[in-house]
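**Q** quick check, what structure comes out for this input:
(2 chains)
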Protein chains: 2
Amino acid sequence: MLFKNISYFSPDGKLIKNAFIEIRDKKIYSISFTEPKGYKGEVIDGENKLLLPGFVNTHCHVPMVLMRGLGGSLSLQDWLNKAIFPTEAKLSADDVYYGALLGIGEMLKSGVTSFSDMYYFSERIAEASIESGISANIALEGFAFDPLLGNKFSIEKDRLIDFHKSFNGLDNGRINVDMTIHAEYTTTEKRCQMLSEIAQELNSNVQLHLSETKSETEGCIKKRNMTPTEYFNSIGVFKNKVTAAHCVYLTENDMDILKENNVSVAHCPVSNLKLASGIADITKMDSKGINVTIGTDGAASNDNLNILEELKLASLLQKAKYGDASLMAPSKIINMASLNGALSQNRHNTGKIEEGYYADLVVIDFSKSNMTPAGDMLNTFLYSAMTENIYMTICRGKVVYKNGTLLTIDEEKAKYEVNKRSLNII
Amino acid sequence: MLFKNISYFSPDGKLIKNAFIEIRDKKIYSISFTEPKGYKGEVIDGENKLLLPGFVNTHCHVPMVLMRGLGGSLSLQDWLNKAIFPTEAKLSADDVYYGALLGIGEMLKSGVTSFSDMYYFSERIAEASIESGISANIALEGFAFDPLLGNKFSIEKDRLIDFHKSFNGLDNGRINVDMTIHAEYTTTEKRCQMLSEIAQELNSNVQLHLSETKSETEGCIKKRNMTPTEYFNSIGVFKNKVTAAHCVYLTENDMDILKENNVSVAHCPVSNLKLASGIADITKMDSKGINVTIGTDGAASNDNLNILEELKLASLLQKAKYGDASLMAPSKIINMASLNGALSQNRHNTGKIEEGYYADLVVIDFSKSNMTPAGDMLNTFLYSAMTENIYMTICRGKVVYKNGTLLTIDEEKAKYEVNKRSLNII
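**A** Now for the predicted structure:
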C-alpha cells in the first residue's frame, strides 16, 4: 500500500506535507518525497488527508460495553459496589467475548490500534483481539483480589501462568500478557507482593489503578500512613514496568517516585469527570518527564470508547486548570496518545511514523464540513475531529476499518449478542 | 409524518416509550399510544429511536467556521487581538454568507434547530438561515462598538433599524432580530445605553458576552468599581430580555442580579476551556433558578459546532467541579439545551414535545455500536452519542437533515466556497 502526497505527523512532532509512504510486510517500508520507482500495489491519494500513528488506549476494561451507562449518576464507590460488581458477578466467558468484540470495533473506529486491558475471562478478550487485528496488552484480573473477600473472580497462580503461556507474545508480540493489581483498596500486601514477583518472573508489565479518587487516597494514608504510590513503592511493585491508571490525587513526592521508577500514567479524563473523581495534573507530570498516556477506561464510565474525546479533553482541561491556553498543544497530545502509549506497553517498534516501525496507522479525512477549512491540520484534528472523520485504521499493515465499515469484525453479530446478553446481566 | 412506537423526552423530563407522534402543519399535532385512525402519510418506525426536542444553540458566531482553529493556543485577549480581529477586518459579506451556510449545516447535523448569533453582515446570516429552515435570533454587531476605536464594523442606528425592519419576525417568527453589546470592555457607557434603548423601542432581545474571563472581570472592577454584571445592571441594560454568554466569573450577587432580571445564561463549556477562561458554575446558577442554556460559541474557539460535545461536557464538568457524580443528570441537561434555550430566545411555542408546539425535533438512532446496548436511553444519549447517531433533524415540521445528508443546504458548494474564501482572509 502506498500513500501518495499525504501529510503526516513526524517523530519530532511536526506536520510534514506531500510525502510518499509505503507499507510493506506489516511495516512502514519507506518515506520519501518522490514516487517510489516500480511500485505496483494499491495507491491511496493523500489529498486532504492526515496520517497519524495509531492511538494506544492504555486503560480499558473493554467488555464493559455490556454495562454501557450503568449507574449513570453514582460516585466511584457506589458505582462499583451497587452497580458494577453485582452485575459483573453474573458475567459469562461468552459475554466477555462478545463485549470485547463490540468494544474493539468501537476503538478501531476511533483510530485505536493497540490497547491495554484488565478484566475477567481474559482468554476471550485475547481471542477477540487476535481475530480483529488490534494489538493488545491483556491482563487477567483476580489474583490480586484478596480471596478473603470471597470474590467470584479470585484466581491462583497456576491460572495466571497458564494464561501467560497461552497468549503472551502471539503473532510476533501483537498480543502480550500483562499482570494486574486492581487497586490498593481491593487487595492485601501479601497478594500484591506475590503478583509483583510473578510479573518479574515472567517479565510482564503490571497494570493498576492508582489514586483515582480522593477517598481512596485518604483512606490509604489513614490506614498505612502512606499514599497509594508510596505504598506500592514500598512493597516493590514498581520494580516492574508499571502503567498506573488515573493518578488524580498525587503529591509531588508521588510524581517523583513514578518518574524514578519509569511508571507510565494512563490519563482517563472523561471517566475521571463522570465519576466525579477530578482532573489529573498531567501538566506537572509531563514537566517532570513522566510518560503520560491516554485511556478511555471502560464504557460504563464514559460511556463510549471514542478516544478522540479523550484527546480533546486531555488538552482542554489542562488549559482551564492552569488558565493558560498554550498548554497541551496538539503535537504533545498526539504523542501522548501514540508513542507514549506504545512505550507504556513496552512496544519499541511502534507509535511513530518512521521507516522500520510497525504500520499501526490512522488516516484522518479533512473533506467533511466540520474539518473545513483544514487550517493547521494538527490543531483542526485535535479540536474538531469526530469518529466520522476517520477514514481508515491500519493495524500492522492490515486495513481493519475503512470508511464506516469494520473489515475484521462482524459488527451486526456483535451488536446482536451484546444486546441480548446485557439484558441477562442487568 | 407519523412516528410509530417511538420513545420521547416528555415536558416533565421523563422518557416515555411506545408513543405515536404526528407532525402536521409545522407542529406537533398529536401524541397518543394507539395509531391515529385514518392516518395516511409517511410513517417512521420508532424502534430503537429516541425523539428529543431540537437543541437551541444560544451563543454562536456562525461565520467563524471560516477561521476554524485560528490562533489555536492563544488566550482570549491575544486570540482576539492577534488572530481574530485582524482576520475579521478582511471579511466580505459573501464570506459571511458561505460561512453561515456551512456552520448552519454543521449545527443541523448535531441536532440544532435554532440558534442565537451575533456577527457582522448579519443580513447574510439571516439569508442563510431562511434558506436552511433553521430558526434563528440574529444580532448585527457594531452599534455598541465604541466608534472611537475605529472598528471597521461600527454602525449607526439607522442600519440597525433597517436590519430589524427587513428580517424581524419573518416566516411566523422563525427569524428574529436581536440587538447586541459585544462586551463591557469593547464599548462605552453611552453606546450601551443607546443600544439598550433601541432594544426596548423595538422589543428585541439583547445578546452579550459577560464575565468570560478573570481579566475582563477584574479590569471592570478596577475601572468602574463594579463587576460587569453590576455595571450592565446599573445602566439599565437588563431592563431588556438579555442572554449573557459565558458567565465564568460571577459573584453570588451577580447571580442574584441575573435571576432578578430574568437574564438567561449561555454556557459554552468547550470554548471556556479552550481559551483557558475556566468553568462556569452552572450548578449554583441553576439552583438559584437562573435560566441556564447551552452554546457552542464560534468554531474558532471550539473548533466545531457539534453541540453534543457541549451537552456532555456541561454535565461532566459540574460533576468534577463539585465532586458529586449525581449532578447535572441527563434530563436536566436536555432541558437546558432545548426548552431553556427556546425561552432565552423568547420562543414560547417551541422546546417541548407537546401537542401544539412547533415540531423542532431531533431523532436519535440507537442502532450503532457506540449506542449498544441502549440501557437508560437518556443516559446513553448524553454520554455516548456522536453526530453519526443523529438520524434526523426536523425544523418546524420540515426534515432538514436525514441519515448523513443535508436536505436544504448544498454542502459541497458551501465547503468549496469556505475553503476558497478562508485562504483569502487568513
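
**Q** let me see the contact set for the closest residue to residue A:232 other than its chain neighbours.
**A** The spatially closest residue to residue A:232, leaving aside those adjacent along the chain, is residue A:238, at 6.1 Å (Cβ to Cβ, 6 or more residues apart in numbering or on different chains). Where you see a C-beta, it was placed from the backbone N, CA and C, and this is true even at glycine. Residues near residue A:238 by Cβ atoms under 8 Å, 6 or more residues apart in numbering or on different chains: A:232, A:257, A:258, A:261, A:263.

**Q** buried ones from those residues, can you make that a ChimeraX selection?
**A** To isolate the buried members of the contacts of residue A:238 in ChimeraX, using 16 or more other Cβ atoms under 10 Å in any protein chain shown:
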select /A:232,257,258,261,263
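
**Q** just name the closest of the contacts of residue A:238 to chain B, please.
**A** Using Cβ to the nearest Cβ, residue A:258 comes nearest to chain B of the contacts of residue A:238, at 22.2 Å.

**Q** which intervals of chain A have sub-threshold pLDDT?
**A** Applying pLDDT under 70 to chain A flags residues A:147-150.

**Q** top strand in it by residue count?
**A** If each strand of chain A is counted by residues according to DSSP state E, the longest one is strand A:15-24.

**Q** could you pull out the helices for the stretch 1-150 of chain A?
**A** For the stretch 1-150 of chain A, the helices defined by DSSP state H, counting those that start in this stretch occupy A:76-78, A:85-88, A:93-109, A:122-132.

**Q** any chance of the ones you listed in TSV, with mean neighbour count too?
**A** Output for these, formatted as TSV (neighbours: other Cβ atoms under 10 Å in any protein chain shown):
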stretch	mean neighbour count
helix A:76-78	18
helix A:85-88	17
helix A:93-109	26
helix A:122-132	22
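
**Q** and the ones you listed: which comes nearest residue B:99?
**A** Nearest of the helices of the stretch 1-150 of chain A to residue B:99, taken as Cβ to Cβ: helix A:93-109 at 29.8 Å.

**Q** in stretch A:233-251, what counts as buried?
**A** Counting neighbours by 16+ other Cβ under 10 Å, one finds that the buried residues in stretch A:233-251 are A:233, A:237-238, A:240-250.

**Q** which ones among these map onto strands?
**A** A:242, A:243, A:244, A:245, A:246.

**Q** my guess is the fourth one contacts residue A:294, does it?
**A** No. Under the criterion of Cβ atoms under 8 Å, residue A:245 is not in contact with residue A:294, lying 10.8 Å apart.

**Q** common neighbours of those two, please.
**A** Joint contacts of residue A:245 and residue A:294 (Cβ under 8 Å, 6+ apart) are A:58, A:266, A:268.

**Q** apart from its neighbours in sequence, what residue is nearest residue A:385?
**A** If you skip the residues right next to it in sequence, residue A:385 has residue A:308 as its closest partner in space, 5.6 Å away by Cβ to Cβ, 6+ apart.

**Q** residue A:174 now?
**A** Using Cβ to Cβ, 6+ apart, the nearest residue to residue A:174 is residue A:135, at 4.9 Å.
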